[in-house]
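1. quick one: sequence and predicted model below, then my questions.
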Amino acid sequence: MTITVVSPADVRVRTLTDLVARSVTQFGDRVAVTDETGRRITYAELDEAATRLALVLAAAGVRREDRVGVYRRRGVDFVVSVLAVLRAGAAYVAVDDRYPDARRDLMLTAARCQLAVVDPDWTDRLDGVCETLGWSSEEPVHLVEAELPEPSPEDAACVLFTSGSTGTPKGVVLEHRNVAAFAVNPALPRLLPTDRVAQIANVSFDAVHFEMWGALGVGAELVVMPSLPDLVQSDLRRELRRRRITAMLAPTMAFNHILSEDPDAFGGVRVLHTGGDVVRPSACRDLLAAGFDGTLCNLYGPTEAATAVTVQEITEVANEAVSVPIGSAVADASLYVLDDLLEPVPAGQPGELYIGGTGVARGYLHDPARTAERFLPDPFSGSGAIMYATGDLVRDRRGDGVLEYLGRADDQVKIRGYRVEPREVERTLMGCAGVLEVAVLPVGDGQDRKLVAFVVVGPATGPHEVRAHAEHTMPDYQVPAEIVVVPEIPASSHGKRDNTRLLDVLADHERRRDTFREPATDSERYLTKLWESLLGMENIGADDDFIALGGHSMLAFRMRKRIQRELGIAIRLEDILEATVLSELASAMDRAGAEVVEPVS
């Protein structure tokens, strides 16, 4: 069936430069951007600096529909540079400054950037890739004579690259109208000029659209902070409160992890979005139970449709819920759930999601074949528009337009001749008491193909309980051949589930099983129990490595506190991170002359 379609009249099509110009007119003296260095720039100053740089770019030959790289540290001048590229009529290609050189060069080369705006001390980093313009908004004003075009809603605004960790990256061309319609979409909780919006996303990822254009489009203050992984490693709760953040988007993988550690981490945030993967119901319950009184929304949308096409406000989650809906259509989005013949499926039946409306991108840069494969004529609009084939399976369970995400259509695999959808297995395993998060992957080929479940569990749950639940609730061909307990499901820099790292975890798990050595001393046995508690794993051996098992500095800090509390040993965090093999750390404890006892409960 066709899901609820909201009239295009509900979203006034604008350019991103129009949105910012309106804020400049209304809120010129307000602070537009604050960064980690302490720099602040008002809307009037942002307008002046971006116009000045746009004139420099135009004088250098940048023209409408050109693509200009923006490769610089996140902060005031990054925002100025992006806006200046748009003012010059071109599209920006934002490169996160933490990307490896090869990835950076691939993006700029694939986009055919002739020029990149860089930090003044980075002008030699792109030798042989493209020309560079080292520029700072704090430089003296230089008058440049050039004409600036007036961007139109159909002009290209940016190129974002997807599939960074696997496969060939695809450059998605997004137009001004695509991003602007999302940034001020009336179906989303309204941002206010008084909001302070956290900028924590990878700037090459589409989550930055909410942060940057959502904030600048309404006159709010964009607060550039450390990346989310860095914030989690320090003290997210403290930093959000110190910077007085009232609106942010937390990628789902990080959202799930943060709330398992600190349910009150987002206290004080007025608008909290999550999106990018499957949200954990228990994470939402924990957040709401901790007294969160802001607006929590689950967003869904591919890069090819400008960040989000559905929204689900979450006010409660039933105890028995094993999933959270991705919601209903945002304004000016047409959502269709179709079968293989592109016919609407009946309500309650699964089908592939197709997206029409203003948010649908132009296509893939320099790739007409792939564009024709995924961007199809929209037979339901009657206006010559296109729709995007997401490859995602969804279901409108009640026929009311609220969608449930079921998994990838191309993830369906055959196990012993039976068709199996890994996401269906994940949802079933989430129904096991004590299971916090699940990732199920097919491994192997042909007759050797099997399902492996990676599970994050609570203290009273282990692989035996998970397997018993699976055997009780699923046919045998759906029961995973292996269940691997992990401390967390790893995420990529884009906040998506990192399947490559999960396969690395499996390979290490299998190596450990082949070379397992029983703990032999009291110290080793104590650490085995402690590590199993911290990492949520079983059968840890004397030769296992804390970092290889998924440990990190936060868990090492907790280990240090446990050792000091239970044994009275004041061991340094640096010592734990250096002696990462269990037997080595046990020896270090023995050398300290400690009397090791069983851990307290």
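-> Structure received.
2. confidence-wise, which helix or strand of this protein is lowest on average?
-> In the chain, the helix or strand scored least confidently by mean pLDDT, DSSP states H and E is strand 418-420, which has a mean of 72.
3. for the helix or strand that comes right after that one, give the mean pLDDT please.
-> Downstream of strand 418-420, the first helix or strand assigned by DSSP states H and E is helix 422-429. Across helix 422-429, pLDDT averages out at 86.
4. do the same with stretch 585-595
-> 75.
5. let me know the pLDDT of Pro599.
-> If you check Pro599, the pLDDT there is 49.
6. other SSEs contacting the helix or strand hosting Leu527?
-> Assessed by DSSP H and E, Leu527 sits inside helix 522-535. Helix 522-535 is packed against helix 553-567, helix 582-591, with contacts defined by 3 or more CB pairs under 8 Å, 6 or more residues apart in numbering; DSSP states H and E. (C-beta placed from N, C-alpha, C; glycine too.)
7. out of those, which is the most enclosed?
-> Mean neighbour count (mean count of other CB atoms under 10 Å) peaks for helix 582-591 among those, with a mean of 18.
8. tell me how many other residues crowd Glu518.
-> 10 (other CB atoms under 10 Å).
9. for the stretch 401-550 of the chain, give me the ranges with low pLDDT.
-> 416-419, 446-447, 493-495, 513, 536-537, 550 (pLDDT under 70).
10. which residues in it form strands?
-> With strands called from DSSP state E, counting those that start in this stretch, the stretch 401-550 of the chain shows them at 404-408, 413-415, 418-420, 435-443, 450-457, 482-485.
11. for these, give me CSV that also has mean neighbour count.
-> As requested, the strands of the stretch 401-550 of the chain are exported to CSV (neighbours: other CB atoms under 10 Å):
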stretch, mean neighbour count
strand 404-408, 20
strand 413-415, 16
strand 418-420, 13
strand 435-443, 21
strand 450-457, 23
strand 482-485, 20
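12. make TSV out of the ones you listed and add distance to Thr295.
-> As requested, the strands of the stretch 401-550 of the chain are arranged in TSV below (distance: least, CB to CB, whole Å):
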stretch	distance to Thr295
strand 404-408	21
strand 413-415	38
strand 418-420	37
strand 435-443	24
strand 450-457	27
strand 482-485	34
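13. ok, the nearest residue to Asn499 once chain neighbours are set aside to Glu404 distance?
-> The spatial neighbour of Asn499 that comes closest, neighbours along the chain excluded (CB to CB, 6 or more residues apart in numbering), is Leu441 at 6.1 Å. Distance, Leu441 to Glu404, using CB to CB, to the nearest Å: 21 Å.
14. and Leu148, by the same measure?
-> Counting by CB to CB, the gap from Leu148 to Glu404 is 47 Å.
15. ok, Gly391 next?
-> Per CB to CB, Gly391 is found 16 Å from Glu404.
16. also Ala318?
-> Ala318 is 14 Å from Glu404, by CB to CB.
17. same question, Gly568
-> As judged by CB to CB, Gly568 and Glu404 stand 52 Å apart.
18. ditto for Thr162
-> Going from Thr162 to Glu404 by CB to CB gives 24 Å.
19. are we agreed that Met248 is in a strand?
-> Yes. Per DSSP: H, G, I helix; E, B strand; the rest coil, Met248 lies within a strand segment.
20. distance of Ala481 from Val440?
-> For Ala481, the distance to Val440 - CB to CB - is 11 Å.
21. intersection of neighbour lists for those two?
-> By CB atoms under 8 Å, 6 or more residues apart in numbering, Ala481 and Val440 have these common neighbours: Leu451, Val452.
22. pLDDT weak spots in the stretch 151-300 of the chain?
-> In the stretch 151-300 of the chain (pLDDT under 70), the answer is 163-168, 233.
23. try 50
-> 164-167 (pLDDT under 50).
24. would you map the strands across it?
-> For the stretch 151-300 of the chain, applying DSSP E, counting those that start in this stretch gives strands covering 156-162, 170-175, 196-199, 221-224, 247-251, 271-275, 295-300.
25. what about these, which gets the closest to Pro120?
-> Proximity to Pro120 (CB to CB) singles out strand 221-224 among these, at 18.4 Å.
26. which elements pack onto that closest one?
-> Packing contacts for strand 221-224, counted by 3+ CB pairs under 8 Å, 6+ apart, involve strand 31-34, helix 76-87, strand 196-199, helix 214-216.
27. same list (these) but as JSON lines, adding distance to Ala54 and mean neighbour count.
-> Converted to JSON lines, the helices and strands packed on strand 221-224 look like this (distance: least, CB to CB, whole Å; neighbours: other CB atoms under 10 Å):
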{"stretch": "strand 31-34", "distance to Ala54": "16", "mean neighbour count": "22"}
{"stretch": "helix 76-87", "distance to Ala54": "4", "mean neighbour count": "26"}
{"stretch": "strand 196-199", "distance to Ala54": "22", "mean neighbour count": "23"}
{"stretch": "helix 214-216", "distance to Ala54": "16", "mean neighbour count": "27"}
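28. between the ones you listed, which gets nearest to Met248?
-> Nearest to Met248 among those is strand 196-199 (3.9 Å), distances taken as CB to CB.
29. off-centre distance for the closest one?
-> Averaged C-alpha coordinates place strand 196-199 at 16 Å from its chain's average position (CA atoms, centre = their mean, to the nearest Å).
30. what does stretch 328-340 give?
-> Remark: stretch 328-340 is offset 22 Å from the chain centroid, using CA atoms, centre = their mean.
31. what residues sit buried inside that stretch?
-> Ser328, Ala329, Val330, Ala331, Asp332, Ala333, Ser334, Leu335, Tyr336, Val337, Leu338 (16 or more other CB atoms under 10 Å).
32. same check, this time on stretch 183-196
-> Within stretch 183-196, the residues that count as buried by 16+ other CB under 10 Å are Ala183, Val184, Asn185, Ala187, Leu188, Pro189, Leu191, Asp195, Arg196.
33. which residues touch the fourth one?
-> Right, Ala187. Each residue near Ala187 by CB under 8 Å, 6+ apart is listed here: Val6, Val311, Ala329, Val330, Ala331.
34. in strands, which of those appear?
-> Using DSSP state E, the members of the contacts of Ala187 that fall within strands are Val311, Ala329.
35. in the contacts of Ala187, find the pair that's most separated.
-> The span of the contacts of Ala187, defined through CB to CB, is set by Val6 and Val311 at 11.6 Å.
36. the more surrounded of these two?
-> Neighbour comparison, Val6 and Val311: the larger count goes to Val311, with 23 against 19 (by other CB under 10 Å).
37. is that one bridged to anything, and to what?
-> Beta bridges link Val311 to Leu299, Ser328 when assigned by DSSP bridges.
38. do you have the strands of the stretch 1-150 of the chain handy? List them.
-> For the stretch 1-150 of the chain, the strands defined by DSSP E, counting those that start in this stretch occupy 31-34, 40-42, 67-71, 91-94, 115-118, 131-134.
39. pLDDT averaged over the last one - what is it?
-> Across strand 131-134, the average pLDDT comes to 96.
40. residues in contact with it: which ones?
-> For strand 131-134, contacts defined as CB under 8 Å, 6+ apart pick out 56-57, 60, 114-126.
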